[in-house]
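Visitor: here is my input, please return the structure:
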Amino acid sequence: MSSTQDTPKPARKGARAGNRRTAARLGAVQALYQMDLSGSDLPSTLAEFEAHRLGQEIDGDTYAKADDAFFRALVSGVVEDQHRIDRMIDKVLQTSWPLKRIDLTLRNILRAGAYELLFREDVPARAAINEYVEIARGFYDDDGPRLVNGVLDRIARDERATEVSVPDAKP
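Guide: Presented below is the predicted three-dimensional model:
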């Protein structure tokens with residue numbers, strides 16, 4: 001997604017609807033995008049999103065109320081551990097297509113998803129992967145959701161092997 005706006009346009013209705021954690025995830029992706037695009041700092045971005053975006057109506061789209069603590073944890077965690085997260089994502093991606101070449105919105109979907117897989121053991125890996133694939137579907141009709149699924153699944157298999165491994169099939 002190439003855009004000069006402050007945040008990506010809201011995802012399709014299905015990706016915005018849902019529980020408070022789903023809304024927090026979408027808000028986190030948008031906040032991370034805004035920080036990358038504008039260079040805004042973490043405290044002002046968190047404050048802006050909590051006061052003016054999460055659970056608000058913007059341009060006729062009403063956003064679901066988000067779990068504010070989860071939103072803060074996601075955005076802060078990605079910012080704090082971005083170097084480790086980016087290295088992990090780059091390890092999964094093909095060397096000819098590093099993370100820095102990936103569209104900014106997709107990059108931040110991957111970062112937020114990878115953060116949950118690496119640092120939020122209270123969130124089941126499959127649930128996190130599914131949530132971020134759905135967010136990607138809200139922004140992309142092409143291969144974006146498949147890329148998110150593939151990258152996050154690989155990270156989950158590397159970092160949470162016992163949780164996501166498929167038991168051997170019996171003959």
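Visitor: how about low-confidence regions in the chain?
Guide: The chain contains residues with pLDDT under 70 at 1-18, 57-59, 61-62, 95-96, 165-171.
Visitor: what's the burial count for the closest residue to F119 other than its chain neighbours?
Guide: Residue nearest to F119 in three dimensions, not counting chain neighbours: G77, with 5.8 Å by CB to CB, 6 or more residues apart in numbering. Bear in mind the C-beta positions are built from the backbone N, C-alpha and C, glycine included. Using other CB atoms under 10 Å, G77 has 19 neighbouring residues.
Visitor: isn't G77 up against L117?
Guide: No - look at G77 against L117 with CB atoms under 8 Å: they stay out of range, at 11.5 Å.
Visitor: show me what counts as buried in the helix or strand that the residue nearest to F119 is a member of.
Guide: G77 is located in helix 68-80, with elements delineated by DSSP states H and E. By 16 or more other CB atoms under 10 Å, the buried positions in helix 68-80 come out as D68, F70, F71, R72, A73, L74, V75, G77, V78, V79.
Visitor: nearest to T22 among the residues you listed?
Guide: Proximity of the buried residues of helix 68-80 to T22 (CB to CB) peaks at F70, which lies at 9.9 Å.
Visitor: which parts of the chain are helices?
Guide: With helices called from DSSP state H, the chain shows them at 13-16, 20-38, 42-52, 68-80, 82-92, 104-119, 125-139, 144-159, 161-164.
Visitor: which of those helices sits closest to G60?
Guide: G60 sits nearest to helix 13-16 of all the helices of the chain, at 11.8 Å, using CB to CB.
Visitor: and the buried residues of helix 68-80 as CSV, adding distance to M35?
Guide: Listed next are the buried residues of helix 68-80 as CSV, based on distance: CB to CB, whole Å:
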residue, distance to M35
D68, 17
F70, 18
F71, 13
R72, 13
A73, 15
L74, 12
V75, 8
G77, 13
V78, 9
V79, 7
